[in-house]
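Participant: Kindly generate the corresponding structure for this input.
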Amino acid sequence: MVALPMFIFMGLMLDRSGVAGRLMSGFATLFRGVNGGLAITVVVIGVLLAATTGIIGASVVLLALLGLPVMLEQNYNKSVAAGTVCAVGTLGILIPPSIMLVLMADRMAMSVGDLFLGAVFPGLLLNGLYVLYLLGHGLIKPADLPSSSNASTFDTAALLNLIKAVIPPAFLIFAVLGSIFLGFATPTEAAGVGAAGALVLAMANRSLSKSILTDVVRETTRTTAFIFAILIGATAFSLVLRGLGGDELIERTLLGLPFGPVGIVITILLFTFLLGFFLDWIELTLIILPLVAPVVSSLGFDLVWFTVLFAVCLQTSFLTPPVGFAIFYLKGVAPPGIDATTIYRGVIPFIGLQLIGLTVIFHWESLVTWLPAQAYGP
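Facilitator: Numbering: from 1, shown residues only. Below you'll find the model as predicted:
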């Protein structure tokens, strides 16, 4: 938990460093001749933002400000454009270094490094599903996702600009995640490196000022205090529930279901998915996850695998009304003409894609467990 404020600081500082704007320009040129190229650009940038910020609100707002006006200017279908921004922005909850994964590791008393490694392939799987959907949509309905007409030709100069835009955030990602995965640093130490690296990038981009630094520190303090306040309340609730025997009641109820071990896990995930319509991810992570984890463990399932499945369920909750936070983040900064109904229509295909991804991860446990096993051994 000590790493949490530094990961938040890193994400907020990168949000203001100007990195995303250069990435948008470079990748838009790369995909200029592809139907849906701008939307694919948003997906790629969203993955890079997720791997550097881990903050969904910041990712959705930044992608909306950078990508949505450009897509609408190129006559993209409004629902598809809005849905893409919403869905891609939620990748920050799954792709390391995700703040949610840090909280989950703490509540599950497991290694943050194991959970980060376990989430890599599932995050890339969802990213790949988004790209395939956009490519297919662009082929079937090219009018919805026209190719870019304003981007410059991708020549040597454009390639150099793209490399210059990608190297700084890629280096920071490697410094933070690589140091954890290779065992050079603890998550807390890596978070400190990330926070310092974000400051260096902001200075290199000449976007660091006293007012920006003050705003970032203030927002980091506010976000950290908010999370810890909920953590204190959730811990108190859990202790009272356990003291009254509620955890044993939940365990007996779940183990008594006539569905078998696999059916019980599916029931838990379905219950989590439905709760995500009405509750925030923090409440579900801090209250529900610790209660169901002993049941899953007693059934013989890998807890890292189950935690990643739980995380994908919570990622979907950001897109489902009435409490789909990504939808509200987007609505707050969307250009005129993008109403809530348009956004709701746009996210429906991506909810389906995330459920497909969840099903794949459920059936292929090795997508989660292989990388931690290779890195740290069985």
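Participant: Next, M100: secondary structure please.
Facilitator: Secondary structure, DSSP: H, G, I helix; E, B strand; the rest coil: M100 is helix.
Participant: Next: G33.
Facilitator: Under three-state DSSP, G33 comes out as coil.
Participant: Model confidence at it, what's the number?
Facilitator: Reported pLDDT at G33 in the predicted model: 70.
Participant: helix/strand/coil for the closest residue to it other than its chain neighbours?
Facilitator: Closest residue to G33 apart from its sequence neighbours, by C-beta to C-beta, 6 or more residues apart in numbering: S147 at 5.6 Å. For the C-beta atoms, the positions are set from N, CA and C on the backbone; glycine is no exception. Secondary structure, three-state DSSP: S147 is coil.
Participant: Kindly report the same for G83.
Facilitator: Here G83 is helix, with the state taken from three-state DSSP.
Participant: OK, contacts around the closest residue to it other than its chain neighbours?
Facilitator: Leaving aside its sequence neighbours, G83 sits nearest to G346 (C-beta to C-beta, 6+ apart; 2.6 Å). Contacts here follow C-beta atoms under 8 Å, 6 or more residues apart in numbering; on that basis G346 touches K78, S79, V80, A81, A82, G83, T84, C86.
Participant: By mean pLDDT, flag the weakest helix or strand of the protein.
Facilitator: helix 19-30 (a mean of 67; mean pLDDT, DSSP states H and E).
Participant: After that helix, which helix or strand is next?
Facilitator: Reading on from helix 19-30 to the C-terminus, the next helix or strand found by DSSP states H and E is helix 37-50.
Participant: and that next one, what's its mean pLDDT?
Facilitator: 82.
Participant: Number the chain from 633, please
Facilitator: I'll keep to 633 as the first residue from here, and by that count the last item is helix 669-682.
Participant: could you say what helices and strands that helix packs with?
Facilitator: helix 651-662, helix 688-705, helix 710-721, helix 744-772, helix 788-805 (3 or more C-beta pairs under 8 Å, 6 or more residues apart in numbering; DSSP states H and E).
Participant: hmm, try it at 10 Å
Facilitator: helix 636-647, helix 651-662, helix 688-705, helix 710-721, helix 744-772, helix 788-805 (3 or more C-beta pairs under 10 Å, 6 or more residues apart in numbering; DSSP states H and E).
Participant: Looking at the residue nearest the centre of the chain now. What's its pLDDT?
Facilitator: The chain has G724 as the residue nearest its centroid, 2.1 Å off, counting by C-alpha atoms, centre = their mean. On pLDDT, G724 comes in at 77.
Participant: Hmm, it is touching L758, no?
Facilitator: No - G724 lies out of contact with L758 (C-beta atoms under 10 Å); the separation is 11.8 Å.
Participant: which neighbours do those two share?
Facilitator: When C-beta atoms under 10 Å, 6 or more residues apart in numbering defines a contact, the residues bordering G724 and L758 alike are V679, Q947.
Participant: hang on, the earlier thing: I'd like to know which of the helices and strands packed on helix 669-682 is closest to V992.
Facilitator: Across these, V992 has its closest neighbour in helix 744-772 (6.4 Å, C-beta to C-beta).
Participant: quick one: buried residues of the closest one?
Facilitator: The neighbour-count check on helix 744-772 (16 or more other C-beta atoms under 10 Å) flags 744-755, 757-759, 761-763, 765-767, 769-770 as buried.
Participant: for the protein, what's the longest helix?
Facilitator: helix 842-875 (DSSP state H).
Participant: That helix packs against which elements?
Facilitator: helix 636-647, helix 731-740, helix 819-836, helix 878-887, helix 913-915, helix 921-930.
Participant: how about these in JSON lines, adding mean pLDDT?
Facilitator: Putting these into JSON lines (pLDDT from 0 to 100) gives the following:
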{"stretch": "helix 636-647", "mean pLDDT": "75"}
{"stretch": "helix 731-740", "mean pLDDT": "85"}
{"stretch": "helix 819-836", "mean pLDDT": "82"}
{"stretch": "helix 878-887", "mean pLDDT": "73"}
{"stretch": "helix 913-915", "mean pLDDT": "78"}
{"stretch": "helix 921-930", "mean pLDDT": "87"}
